[in-house]
Structures are given as C-alpha cells and as structure tokens.
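Peer 1: this is the structure alone, sequence omitted:
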C-alpha cells in the first residue's frame, strides 16, 4: 500500500551516524523520516525525496536483572527485547506482534496483552538517549530534560531520534489463553456477555473480541461460511487463580461454542499474532475508542463484518482501562486513558484491485458506530492516505498545547 522513494536510506550503526545524517538533512534542506521496525500501517517511515534514518542495525539489548531494567537500541524489534529479557524471567509490556519496532510503539503509547495489568509501554520508559534536530545528543531522565521525557512517553515520534531506551521490567511467567468461536447468529449474545463483564474485569484479564470471515475449514456449518464469526480471546497469568476463574465464568456466560485453553510462555504469547499479519500484504486500518458497547453498536459491527470484501481482516473490540487508566496520567503525554473500549477495523488483502473497496469497507465500519465514539484516537493506529482527526483532537487540547 505504501510505495514511495526516499532520496537516501542511511543505515545507521550508532548514535554518531544518526547525528551525521541529521546534519546532512538539515544542510541540504531535505525532509527526514525515521524507520524503526517498519511495521506501522501509515508508512510514515517512508517519504518521497526524503532522507530516511534506518535504525534496523541498532538492535542491541542489555539487561540488568537485579535492577529490572533493560537498555534497548532504537532499532529493536519487540522480539529482540523479549528474547533478551525473558531469559531472566522478566519482560516489558509491549505490543501484540513481535516484528513491531520498539521505538514507534513506545513513543506512540504501546497497548498490548499485559497493558491492563502493567500499563503501556511508554509508561516504562525510564530514560533515553535522544539526538535532537540540531544534532545535539542528550540523555533524558526524570532529572535531566524531564519535559522531553514526558513527551517521549506517548506523545509520538516527533521530538528527536531515540537511539537508546532504558525500560523498566516486570516478572513474566506462563500465560493462560482461553478462546472460543461463535457463528454470527450467536455473536450478539456473546458480545452482550463480554460487555457485562467488562466493568468489573480483573486487571490481570485481557479481553479481545474479533469479527472476521469464517475460515474455509472452521467450526461453522458450510451454510454459514459467508457470514462472519466472532472469536473471543481471554488472556491472563497462569498463576492467578482469581483471574482464571473469572475468565472461565465469562465463557460460561456466553452461548455454547467450541472453546479451548492452553498455557504458553510469555515469549510465545508475544509472537502469537505474527502469522496473521505477514509482510507484503496490503493493509488499511481505521481505529478509535468507544464509550459504550450497546446492542445497536454490536449489531452494526456484525452487519459491517458480513460485508468485508476480502477473505482476511477483522473488526476487533478490545477492553481497556485497568492499569492503563491508573498509570502515568501526569508523567506521560499519552491521552484518553479512561476510554473503556478500543475499536480497530483492519482491512487486509493481497490483490491491489481490492484497495478501493477494502479501504471503503474499513471506513464505513468505523463510521457506523460513530455515535458511541469516545474522544480521541490511538496515534499508532492512524492510517494514511487520510486522517480527518487533527493532532489537537487526537491528544486533547491540554496535552497538545504542552507538546507544542
């Protein structure tokens, strides 16, 4: 979907290289973009005629298990961080695809499987090495440049090139995943139960409900293969009996359907979604927050899911709050922590001929529930070519004014 030609791709090996490239872009008057993992659907790492700083060679991770801290290069992928930290039984909460770049994810916020329990990735940035637009290299922490640290924690990637993150870590043990799949006729009942459990959900539980096309050999009758199915995933620590019990109760409150449970390592949890979003496919995403999940909103989403023009893609509703709401309200620039649900419409296809219909479907699905929208949006999920949401609306006026 993103086909652009930079004037130069600079594959930086260290902070000195980054500083040199910034100086070159400044002296030649060229725009500058930064590539971390290259995972973001907006393609903002690539611009015609610009200079791209490619950080993909800067992926070293050093772990201090006693202090529960990790230092990670600015080009790290999430799997680089996870592989280094889980050797010590530790992890930093991060996103749901292991091939995501740490830098883009963390600077924009960082929702993931453990955000309700531990908060966002940006909440765990303790310090950073940053190259500024004038070429100065600064060490940022609570005591040095605290205003810049505040902005790096969820304010987006516009304040410098982060060449090293220092991240706070938590204990990471085995995780329990419960999942169930429901045909369209049972989706409303399942989503009602999902909604009923959300307000009192244990912080240790993460809920994701996704409407997607039925798999050719999936657990639905052939007569319903042209209708969407609802997949519900419930994820929690395998060592938390209360959360395990609540997750079991939620599935019991839903219509009867094929269910499964499995225990996985934290490392396997973090790579669980990789196969569903392979490189090279065409992607388009519309995302926003929902203030409530009423019956009419549920019915509209199910109806829109049935019109998906491609055999892949999904409409996901994710429960938020928990530690997201309690963490970092004054220590970070990340906005709208009180949103109860996130809606993400992910179009995904291989045929370029589906571009128009796929993007139109994603926009229409998102627009269909605009009446129940919560203010703001998640900057990491904003697609191009268009975004009607201005930065001031995305962040809220108070945070945006401070960022400016």
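Peer 2: Cool, the structure landed. All figures in this text were calculated on a predicted structure; none of them were measured in a lab. Numbers count the residues shown, from 1 in each chain.

Peer 1: any idea how far residue 149 lies from residue 107?
Peer 2: For residue 149, the distance to residue 107 equals 12 Å [Cβ to Cβ, to the nearest Å]. (Glycine included, C-beta is placed from N, CA and C.)

Peer 1: compare these two (neighbour count), which wins?
Peer 2: Neighbour count, other Cβ atoms under 10 Å: between residue 149 and residue 107, residue 107 has more, with 31 against 21.

Peer 1: so where is the stretch 251-400 of the chain shaky, pLDDT-wise?
Peer 2: Applying pLDDT under 70 to the stretch 251-400 of the chain flags residues 328-329, 384-390.

Peer 1: can you pull out the strands in the stretch 251-400 of the chain?
Peer 2: With strands called from DSSP state E, counting those that start in this stretch, the stretch 251-400 of the chain shows them at 259-264, 282-290, 312-319, 341-349, 373-374.

Peer 1: comparing those strands, which comes out most buried?
Peer 2: Of all the strands of the stretch 251-400 of the chain, strand 341-349 has the most neighbours on average by mean count of other Cβ atoms under 10 Å, namely a mean of 24.

Peer 1: which strands or helices does it pack on?
Peer 2: Identification of packing neighbours for strand 341-349 by 3 or more Cβ pairs under 8 Å, 6 or more residues apart in numbering; DSSP states H and E yields strand 282-290, strand 312-319, helix 355-367.

Peer 1: please redo it, this time with the cut-off set to 10 Å
Peer 2: Applying 3 or more Cβ pairs under 10 Å, 6 or more residues apart in numbering; DSSP states H and E, we find strand 341-349 packed against strand 206-213, strand 282-290, helix 295-305, strand 312-319, helix 355-367, strand 373-374.

Peer 1: now do the first one against helix 295-305, angle only.
Peer 2: What that stands for is strand 206-213. 50 degrees (axes from the mean of the first three to the mean of the last three Cα atoms, to 10 degrees).

Peer 1: just the angle between strand 206-213 and strand 341-349, please?
Peer 2: Using the same axes, to 10 degrees, strand 206-213 lies at 40 degrees relative to strand 341-349.

Peer 1: now do strand 206-213: distance to the chain's middle.
Peer 2: On the basis of Cα atoms, centre = their mean, to the nearest Å, strand 206-213 sits 15 Å off its chain's mean C-alpha point.

Peer 1: then the second one?
Peer 2: When C-alpha coordinates are averaged (Cα atoms, centre = their mean), strand 282-290 and its chain have centres 11 Å apart.

Peer 1: adjacent strands (with direction) for it?
Peer 2: strand 341-349 (antiparallel), strand 373-374 (antiparallel) (DSSP bridges).

Peer 1: nearest to residue 245, out of these?
Peer 2: Evaluated over these, closeness to residue 245 peaks at strand 341-349, with 23.3 Å, by Cβ to Cβ.

Peer 1: endpoints of stretch 189-209, how far apart?
Peer 2: Chord length of stretch 189-209, first to last residue, is 12 Å (Cα to Cα, to the nearest Å).

Peer 1: this completes my enquiry, with thanks.
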